[in-house]
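1. whatever this is, show me its structure:
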Amino acid sequence: MNQALLFSVFVVASCGLAYELIAGALSSYLLGDSVTQFSTVIGTYLFAMGIGSWLSRYIERNLIARFVQVELMVGVLGGFSAAALFFVFAWFSAPFKLALYLAVFGIGVLVGLEIPLIMRILKRDLTFKDVVSQVLTFDYLGALAVSILFPLLLVPHLGLVRSGLLFGLLNVAVSLWALWLFRAQLHAAYGLKMQAAVALVVLVAGFVGAGHFSSLAEAQLYADEIVYNESSPYQRIVITRWKDDLRLFLNNNLQFSSRDEYRYHEALVHPGLAALPGARRILVLGGGDGLAVREILKYPQIESITLVDLDPAMTSLFSTAEPLRRLNADALRAAKLKIVNADAAQWLEENDDVFDFVVVDFPDPSNFAIGKLYSAAFYRLLEKHMNAGALAVIQSTSPLYARQSFWCVVATLENVGFVATPYHALVPSFGEWGFVLAGRRVYVPPRDYTVETRFLSPETTTALFQFPKDMARVDAEVNRLNNQVLVRYFENEWRHVIR
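-> Below you'll find the model as predicted:
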């Protein structure tokens, strides 16, 4: 019996950590800044667990029955937490943070009650030192198991809502197991059995209907019809459609609209690449949608393109889905292209290749994980992979809406020794958008474009490099790994902008 109860500690610990990870991941998807979200969620959760442990002292009788009830409560509350938070964000976005921390606090208090109750039940048959050592051993093993399974299996295959409901069912299973183990010691357990049955039915129904609920809730977040959605280990991928307009959202942030993405990608690629008639080897960092590669492939002299994108879900989607293949002109299936799914910084560390032109097309620096890819350390690493006459182009957010963020990228590139040439283009879906060309010598714009373009011409190119007063340079610190000032700039500036 003791061994069975100890195994339940393993399950209980797994569930407790899972709810914490689900809350942190969900808040990161919806609010951005994963470091802040995980830090505050973990802090609130641990504090609540301490409250729960302290409250356990007031439970003096019917320990087994109280343990069963706690399991049922945490199973229902924790199991439905992701679904409920999605609902609140979709329909009532203003109180989302309040709902998030109330849910985390409630789950934490209940989880904090679990282990003390189990230890008090076990101490009837074990010495104190055995109770402590064995309970904590299984507790830590359960936490290890779910920390591995959560990013590798659960989120990619079940999503956050179904993962939460699965762990809720595991909590209910523990309560049912306890009812069976201690059936001889529980008197008048009919009420507990009915509570467990109701919790089980509700959670099973939720699990079965989770897909419909997720689609309904997510539909409220986007103005247009959702035609594809997926949770990869790295991000939430959503594609919407309205008439002939396809839009890509990553973690709820718009990445492109098919109606005007050509403006962005022409501005990203051609001012730099057209100025390098001798360019043969190209590196693209990010850009898993293949749209930058599409523009690069217009140049017949290009011999090879290496695309490094962290998320295989992105490159797979944009190389297999027919509407997206049409959009990128089947660029991700080109013979000249090599796709590498890896962290860009790690790949640059491990690879010795050098290139004539580099496209750095990362998402905006909305969190520290992405902010490191805009740091001085990253740009020093990038410089080692550029030939003497090479150029790199970096998408650098909006110089109008995030002015200090934009000029922070420029200052960081200059700090590592690059000659930085900033420019901007109007993309209706985003507004004024900024880019920076970086090389070892002064940039000279191309006199003409030898490839077909819909937006750029020699005349319009000149205007890209001219900044009006409201986008002119402002002072900004260098973005370093140890301060990530760019992320703070970005958060402060975009906080007041409705995208």
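
2. which strands or helices does the host helix or strand of residue 112 pack on?
-> When elements are defined using DSSP states H and E, residue 112 is found to belong to helix 96-122. Using 3 or more CB pairs under 8 Å, 6 or more residues apart in numbering; DSSP states H and E, the elements in contact with helix 96-122 are helix 2-31, helix 34-55, helix 63-79, helix 81-91, helix 128-149. (Glycine included, C-beta is placed from N, CA and C.)

3. nearest to residue 389, of those?
-> Distances from residue 389 to each of the helices and strands packed on helix 96-122 were compared by CB to CB, and the smallest falls on helix 34-55, at 38.0 Å.

4. quick one: the closest one to chain centroid distance?
-> Using CA atoms, centre = their mean, to the nearest Å, the distance from the centre of helix 34-55 to the centre of the chain it belongs to is 21 Å.

5. so for it, mean pLDDT?
-> Averaged over helix 34-55, pLDDT sits at 89.

6. that helix - contacts with which helices or strands?
-> Helix 34-55 is packed against helix 2-31, helix 96-122, helix 368-371, with contacts defined by 3+ CB pairs under 8 Å, 6+ apart.

7. pipe the ones you listed into a markdown table and attach mean pLDDT, mean neighbour count and distance to residue 387 per row.
-> Listed next are the helices and strands packed on helix 34-55 as a markdown table, based on pLDDT from 0 to 100; neighbours: other CB atoms under 10 Å; distance: least, CB to CB, whole Å:
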| stretch | mean pLDDT | mean neighbour count | distance to residue 387 |
| --- | --- | --- | --- |
| helix 2-31 | 81 | 22 | 38 |
| helix 96-122 | 89 | 21 | 48 |
| helix 368-371 | 86 | 20 | 27 |
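
8. as JSON lines, the ones you listed with distance to residue 67 would be great.
-> Shown next, in JSON lines, are these (distance: least, CB to CB, whole Å):
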{"stretch": "helix 2-31", "distance to residue 67": "9"}
{"stretch": "helix 96-122", "distance to residue 67": "5"}
{"stretch": "helix 368-371", "distance to residue 67": "39"}
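
9. the domain parsing of this structure - what is it?
-> In the assignment given by automatic domain parsing, the structural domains of the chain cover 2-219, 222-255, 260-494.

10. ok so, going back, angle of the helix holding residue 112 against helix 34-55?
-> 40 degrees (axes from the mean of the first three to the mean of the last three CA atoms, to 10 degrees).

11. and helix 96-122, how far out from the chain middle?
-> 26 Å.

12. taking helix 128-149 as reference, get the angle to that helix.
-> On the basis of the same axes, to 10 degrees, helix 96-122 is oriented at 140 degrees to helix 128-149.

13. quick one, helix 96-122 and helix 2-31 angle?
-> Taking the same axes, to 10 degrees, one finds that helix 96-122 is oriented at 170 degrees with respect to helix 2-31.

14. report the angle between helix 96-122 and helix 81-91.
-> Computed with the same axes, to 10 degrees, the direction of helix 96-122 lies at 170 degrees from that of helix 81-91.

15. turn the helices and strands packed on helix 96-122 into a markdown table, including distance to residue 465.
-> Below are the helices and strands packed on helix 96-122 laid out as a markdown table (distance: least, CB to CB, whole Å):
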| stretch | distance to residue 465 |
| --- | --- |
| helix 2-31 | 35 |
| helix 34-55 | 35 |
| helix 63-79 | 54 |
| helix 81-91 | 41 |
| helix 128-149 | 48 |
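
16. closest one to residue 492 among the ones you listed?
-> helix 34-55 (12.9 Å).

17. run through who's touching the closest one.
-> The contact list for helix 34-55 (CB atoms under 8 Å, 6 or more residues apart in numbering) reads 16, 20, 23-24, 27-28, 31, 100-101, 104-116, 367-369.

18. over to stretch 465-472?
-> Where contact means CB under 8 Å, 6+ apart, the residues beyond stretch 465-472 that reach it are 399-400, 403, 406, 421-424, 432, 445, 473.

19. next up, phi/psi of the residue nearest the centre of the chain, please.
-> With distances taken as CA atoms, centre = their mean, the residue of the chain nearest its centroid is residue 235 (3.8 Å). Per-residue torsions, residue 235: phi -170, psi 170 (degrees, to the nearest 10).

20. quick check: it touching residue 251?
-> Yes - counting by CB atoms under 8 Å, residue 235 does reach residue 251; the two are 5.2 Å apart.

21. any idea of the mean pLDDT for the helix or strand encompassing residue 269?
-> Assignment of secondary structure by DSSP H and E places residue 269 within helix 261-273. The predicted model gives helix 261-273 an average pLDDT of 97.

22. could I get the very next helix or strand once past that helix in CSV with only the CA atoms?
-> Sequence-wise, the next helix or strand downstream of helix 261-273 (DSSP H and E) is strand 281-286. Provided in CSV are the C-alpha atoms of strand 281-286 (Å, rounded to 0.1, in the frame of the first residue of the first chain):
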residue,chain,number,x,y,z
ARG,A,281,26.5,32.0,-51.4
ILE,A,282,23.6,33.2,-49.3
LEU,A,283,22.7,32.6,-45.7
VAL,A,284,19.1,33.2,-44.4
LEU,A,285,18.6,33.1,-40.6
GLY,A,286,15.0,32.8,-39.7
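
23. partners of strand 281-286 in the sheet?
-> Sheet pairing of strand 281-286 (DSSP bridges) gives strand 304-308 (parallel), strand 355-361 (parallel).

24. export the ones you listed to CSV and tack on mean neighbour count, distance to residue 50 and mean pLDDT?
-> Formatted as CSV, the entries for the strands paired with strand 281-286 read as follows, by neighbours: other CB atoms under 10 Å; distance: least, CB to CB, whole Å; pLDDT from 0 to 100:
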stretch, mean neighbour count, distance to residue 50, mean pLDDT
strand 304-308, 21, 44, 98
strand 355-361, 25, 44, 98
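
25. thank you kindly, that will do.
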